[in-house]
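Student: Quick one, structure for this:
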Amino acid sequence: MGGMSAVFKADGDDTGGRYNVSEWWLGPRALGPGAPSHDEDDIFYVIEGVVDFRVDDQWHEARRGSFVLVPGGVTHTFENSSDQRAGFVNLGVPGGFETRMPAIVEYFAEHPPGPA
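Tutor: The predicted structure is shown next:
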């Protein structure tokens, strides 16, 4: 998906729909997915680098070891504005978001994002 990739470690089928767990990586200067809003809560834990998170209209710089909580229904996005690779683990509660990933991947294949 442009400069970002994701691997789901556990999805709704694995967890009875209670949550999903994914690992995301952003290349240097990689834009994120835009500013979606969905019903699931999103919990992010930065495992490498610096990730910029937008929650509502505020941007937050999250360094390795940072925790970010985005309640369901809140507009949010992320990007990597640094020159280094960045990664995070995402927990979505409840599960279900992962079922939309094939359409999201298809969208980014047709509309690759530019640099952050």
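
Student: Sketch out the low-pLDDT regions of this protein for me.
Tutor: Residue ranges of the chain with pLDDT under 70: 116.

Student: Show me where it has its strands.
Tutor: Ranges of strands in the chain, per DSSP state E, are 4-10, 20-26, 41-48, 50-55, 58-63, 67-70, 76-79, 86-93.

Student: Show me which helix runs longest in this structure.
Tutor: Determined from DSSP state H, the single longest helix within the chain is helix 101-110.

Student: Could I have the CA atoms of it written out in CSV?
Tutor: These are the backbone C-alpha positions of helix 101-110, laid out as CSV (Å, rounded to 0.1, in the frame of the first residue of the first chain):
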residue,chain,number,x,y,z
MET,A,101,-8.3,-4.7,4.1
PRO,A,102,-8.6,-6.3,0.6
ALA,A,103,-10.6,-3.3,-0.6
ILE,A,104,-8.1,-0.9,1.0
VAL,A,105,-5.2,-2.7,-0.6
GLU,A,106,-7.0,-2.5,-4.0
TYR,A,107,-7.6,1.2,-3.5
PHE,A,108,-3.9,1.9,-2.8
ALA,A,109,-2.9,-0.1,-5.8
GLU,A,110,-5.0,2.2,-8.0
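
Student: Right, I'll call it a day here.
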